[in-house]
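[1] Give me a model of this one.
(2 chains)
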Amino acid sequence: MIVLDPNGEKLNLMPLNVGPSHPATHGCLRFLAAMDGETIVASVEEIGYLHRGFEKMVERGTWQQVVPYTDRLNYCSAIMNNIAFCRTVENMFGVEIPERTKVLRVIVNELSRINDHFVCVAAAFQDLGGTTPFMYAFNPREEIMCIWEKLTGARLTNSFARIGGLSRDSYEGFEQDVLAALNSTEKALKDLHACLDRNRIFLDRTVGIGKISAEKAISYGWTGPCLRASGVASDLRKDEPYYDYETYDWEVVVGTQGDCNDRLQVRLAEIEESVKIVRQALKRLAPGPVDIVDPRIRVPAHKLAYQDMEGLIGRFKSVYEGIRVPEGEYYCGSECANGELGFTIISDGSGHPYRIKVRPPCLTQFAAFHELVEGGLLADSMAVLSGLNIIAGELDR
Amino acid sequence: MTVEEIFAALEEKFGVKREMHDKWGVTAIVSASYLHNVVQFLKDETGIKFDMLVDIAGIDYLTYPNHEGPRYAVAYAFKSMENPGARIRLKVLVSEEDLKVPTISDLYANANWYEREVYDLFGIVFQGHPDLRRLLNHVEFVGHPLRKDYPAQKRQWLSTNDYLLPELEKRLETLGYRVVQRSKEVETNDNEFLEGSIKA
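    Below is the predicted model of the structure:
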């Protein structure tokens, strides 16, 4: 198409379609760019290729049946979504979960965060043509995946949390496995920093690319590491603490430039903080129950069904009718790997959710994508995309 | 200024009511005609600057037990960056006859996509929105799936890609460019393109 630029000069632009199934558009994302040579002049995005109707599907089941669906939101850190959802419903009940569950949830939360950030950094580097850091990052990630296998029985879609507790307690040797994973995480971090920090090619590709100011990021509703990379120290774990996050010794990581490099470096630094939190949490892990004892919220233990009339009724009622969440509407956000994952829940007091609206952190970040890539090179748009860590599962729901 | 005080100020200034369904936080029921002013007030004039729009959620009360009042609602969630932890929610009730809510996309950049999403899923029209298209669903999709009377198992035949070239031209124009000669692809019959190559 032929256009006149703001100075009145004639330009011949080429519309170029990128995605939806391009290896570098992880998941299914599509954007159409008007190219002036190698430079993107304007860009528009389209999403929805992975839209499965999460919000419609969850209205058909019981409250407990929502948990497996939340796995499929951000599948790189599935357990965090489970916990965010269960925390929201528990807040509606106004119940306090046992101490051991809190600590266990902190541990699996932070391990998931490590996992998610590793995937993001590794994939970003892979997109820029570096395969070595990918291997460095995926070794500790594999160890955490093996912990997930032992702990939850699944590698990717774990469904670990339950409303009012956890699906099961940790296994014997869990602490040792976590410590070993933390050690290899720290080793991998050293290797990654050695690869990234002074790598001329990497710096050329990421420094100053896809810059966004703090004001603009806030106006776009950015949260999580991407917002912190622009210099805003906003972290729900500090701002609205839950699970005693405020009592652990850790720092909110903040960037300065808000460019692609900062977004990746913030993630690497956050892995360090997560390692710190998990180490402290392991020391606090004391024996105790993991589920709250209330058949109206958490299904009674299986063995009770054979011993006890109440237990049998409790299991029967909570499976067939579902738990009854107090009527009302509530919004609650949790700090997930990509930012604030929020659930707006409307309950009519029956055994089924009336409406659950997910606030995915990715959506706001991808909504600003055109502002980040316009004026840059086409190749840079890939660096920007992987630095944002767009997960199509939660973007499209 | 606490969130409760801000709610009191809103009550005095705009006559908003408290949503009693929200037992856990502060939700104000705002009439659609005041929405823009209330949001502007929350963003710029209150002691707590609610400078981030966290979420916009559509709600359909069709099958809600003992529900009285308009069928739809749009719920906005805001939070403050300067005063971490301060949150407020607004709710606009939308009747079935008049599915219109003023846009706030001029105040918050992310409202653009959020409003498109609510339009897509509930069919609520945001007046003054610069580009009110479907966001998650397909361009050929008929109906609004999160309405309670839309059957979850219903299937639709969708055959073509979203047609982004006109949007690209719009975007170029907002950046100060002027399209002199359109791409050949845009000149095809739009209707034919949108109806898809495979007819049901």
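[2] avg pLDDT for the strand or helix carrying residue A:151?
    If you go by DSSP states H and E, residue A:151 is part of helix A:132-152. Mean per-residue pLDDT for helix A:132-152: 89.
[3] what packs against that helix?
    helix A:99-127, helix A:174-196 (3 or more C-beta pairs under 8 Å, 6 or more residues apart in numbering or on different chains; DSSP states H and E). The way it works is simple: take the backbone N, C-alpha and C, and place the C-beta from them, glycine included.
[4] which one of these is the most hemmed in?
    With neighbours defined as mean count of other C-beta atoms under 10 Å in any protein chain shown, those peak in mean count at helix A:99-127, which reaches a mean of 25.
[5] Pull the distance from it to the chain's centre.
    Relative to the centre of its chain, helix A:99-127 is centred 8 Å away, using C-alpha atoms, centre = their mean, to the nearest Å.
[6] Tell me which other helices or strands that helix touches.
    Under the contact criterion of 3+ C-beta pairs under 8 Å, 6+ apart, helix A:99-127 touches helix A:78-93, helix A:132-152, strand A:165-166, helix A:174-196, helix A:260-284, helix A:378-388.
[7] Measure how far the fifth one is from the centre of its chain, please.
    With C-alpha atoms, centre = their mean as the basis, the distance from the averaged C-alpha position of helix A:260-284 to the chain average is 14 Å.
[8] and if you look at stretch A:302-312?
    The answer for stretch A:302-312 is 37 Å, by C-alpha atoms, centre = their mean.
[9] end-to-end on that stretch?
    End-to-end distance of stretch A:302-312 (C-alpha to C-alpha, to the nearest Å): 9 Å.
[10] before we move on, what about stretch A:230-248?
    25 Å.
[11] how about the helices of chain B, start to end?
    Under the criterion DSSP state H, chain B contains helices at B:3-14, B:35-40, B:111-122, B:165-174, B:190-195.
[12] Please give me every residue in contact with the residue nearest the centre of chain B.
    Residue closest to the mean C-alpha point of chain B, counted by C-alpha atoms, centre = their mean, is residue B:115 at 2.2 Å. By C-beta atoms under 8 Å, 6 or more residues apart in numbering or on different chains, residue B:115 lies in contact with B:56, B:103-105, B:126, B:129, B:132.
[13] can I get those residues in CSV with pLDDT and distance to residue A:356?
    Putting these into CSV (pLDDT from 0 to 100; distance: C-beta to C-beta, whole Å) gives the following:
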residue, pLDDT, distance to residue A:356
B:56, 92, 15
B:103, 91, 25
B:104, 90, 23
B:105, 88, 25
B:126, 90, 22
B:129, 88, 25
B:132, 87, 24
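[14] nearest to chain A, of the residues you listed?
    For the contacts of residue B:115, the residue nearest chain A by C-beta to the nearest C-beta is residue B:56; the value is 8.8 Å.
[15] and the closest one, what does it touch?
    B:74-77, B:111, B:114-115, B:117-118.
[16] By neighbour count, sort out the buried ones in these.
    Buried members of the contacts of residue B:56, counted by 16 or more other C-beta atoms under 10 Å in any protein chain shown: B:74-77, B:111, B:114-115, B:117-118.
[17] Measure how buried residue A:304 is and give me the count.
    By the measure other C-beta atoms under 10 Å in any protein chain shown, the count of residues near residue A:304 is 16.
[18] With residue A:282 instead?
    With other C-beta under 10 Å as criterion, residue A:282 counts 17.
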